[in-house]
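# How does the following fold in three dimensions:
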Amino acid sequence: MEDNLQPLKLTLKELVAHYEGFLQACEQKSVETRGTYQRALRDFLKWFPIDKRFLFRVRDVERYRRYLVERKELKDVSVATYMTALRRFCQYLIDIKILAANPATHVVGGRRPSRHSRTFLSYDEIGALLGAVDRSPLQGMRDYAIILLMLDCALSERECLLADIGDILETDGVRRVRVQGKGRSVKDESVTMTADAVAAIEDYLQRRFPDSPPPADAPLFASMSNRTQGQRMTSRGMREAVSRWLRQSGVKGNRDRELTPFSLRHTAGLIMVDNGATIEEVMHRMRIEWQPTAQLYFRIRGKLGSNSKAEGNTQN
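The predicted structure follows:
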């Protein structure tokens, strides 16, 4: 592992000032995410004056990680959280022109899974699923649009749930949907929609609002149960809607626990790899910030070693 990064020497006072600036820069993130970064970096601030030789090099980050594992005896999931917080903090220092490169991108946090915990759909299964959805009722049109946004655009269940009608935008003839990604408190990213997804959304909204323009502040995907008619779908409702078609299409089979609505997003990642996307493109289009997560899609297709672009620079 190379460690030719330019050393950066900070006093504790300077480090604390940058820490406070980092927290201010995280105001657009969710309260939970900001609180996690704050708590994790407090431990780093306590360790920094004890270590007395942290110069933002790879070897320094590795030493901090050993401290977390050997001295604090943290579990893998906690180590991963602490390292993620430090990685984000280093990226902030890069953004404000204090640090030249991020040393934490070269150091793995806790042990990461070598494969996804969810099953993927084959191309035959994708065809069977889409063909099984009955689009004659409005509910079927809604469910078909949800499935396409997950499969074609890699939207997560949460991103579909939080989407409003006004989040569907068109710029220079390209239709996009604004999304609120994981850990975010605002919709500050957008995803390009495929022609099939656009057509499915248009058909669904035209059927849902036949006599008036769709209100921009209405949820894109509304509940159709008697008690919550017109309200935003719940996580349980969306999960049950997608799972119903997975079962009725015969795709689910005996994979009830493994094959879930989130499997559709994972399948979208594999489709990108099959279509020649680089790892940077997969990370960008799926809103993935941790490179090893994106690498899993290339590993499944056996392309990680053969595709030099799949081993490109880490993005955070």
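
# the strands in the stretch 51-200 of the chain, which residues?
Shown for the stretch 51-200 of the chain, the strands assigned by DSSP state E, counting those that start in this stretch span residues 168-171, 174-179, 189-192.

# can I see the domain layout of the protein?
In the domain annotation for the chain, the residue ranges read 12-106, 123-275 (automatic domain parsing).

# out of the ones you listed, nearest to residue 293?
domain 123-275 (9.3 Å; Cβ to Cβ). C-beta: built from backbone N, CA, C; applies to glycine.

# Endpoints of that closest one, how far apart?
End-to-end distance of domain 123-275: 13 Å, with Cα to Cα, to the nearest Å as the criterion.

# Let's have the domains of the chain in a markdown table, adding mean pLDDT, distance to residue 302 and mean neighbour count.
Formatted as a markdown table, the domains of the chain follow (pLDDT from 0 to 100; distance: least, Cβ to Cβ, whole Å; neighbours: other Cβ atoms under 10 Å):
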| stretch | mean pLDDT | distance to residue 302 | mean neighbour count |
| --- | --- | --- | --- |
| domain 12-106 | 91 | 25 | 16 |
| domain 123-275 | 93 | 10 | 17 |
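
# between those, which gets nearest to residue 292?
Of those, nearest to residue 292 by Cβ to Cβ is domain 12-106, at 10.6 Å.

# circling back: turn the strands of the stretch 51-200 of the chain into TSV, columns for distance to residue 11.
Listed next are those as TSV, based on distance: least, Cβ to Cβ, whole Å:
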stretch	distance to residue 11
strand 168-171	46
strand 174-179	40
strand 189-192	36
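
# Out of these, the one nearest residue 230 is which?
strand 168-171 (18.1 Å).

# Just checking the distance from the closest one to the centre of its chain.
Centroid separation for strand 168-171 versus its chain: 21 Å, with Cα atoms, centre = their mean, to the nearest Å.

# Now render the domains of the chain as JSON lines, adding distance to residue 284.
Below are the domains of the chain laid out as JSON lines (distance: least, Cβ to Cβ, whole Å):
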{"stretch": "domain 12-106", "distance to residue 284": "16"}
{"stretch": "domain 123-275", "distance to residue 284": "9"}
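
# where does the residue sitting furthest away from the middle of the chain land in three-state SS?
Going by Cα atoms, centre = their mean, the residue of the chain most distant from its centre is residue 211, 36.7 Å out. The assignment at residue 211 comes out as coil when based on DSSP: H, G, I helix; E, B strand; the rest coil.

# which residue packs closest to residue 297, ignoring adjacent ones?
With Cβ to Cβ, 6 or more residues apart in numbering as the criterion, residue 297 has its nearest non-adjacent residue at 4.3 Å, and that residue is residue 269.

# go on, residue 43?
That would be residue 82: by Cβ to Cβ, 6+ apart, it lies 6.7 Å from residue 43.

# show me the contacts for that neighbour.
Counting by Cβ atoms under 8 Å, 6 or more residues apart in numbering, residue 82 touches 40, 43-44, 68, 74, 109.

# Any chance of a markdown table for these, columns distance to residue 247?
As requested, those are exported to a markdown table (distance: Cβ to Cβ, whole Å):
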| residue | distance to residue 247 |
| --- | --- |
| 40 | 41 |
| 43 | 46 |
| 44 | 47 |
| 68 | 44 |
| 74 | 41 |
| 109 | 37 |
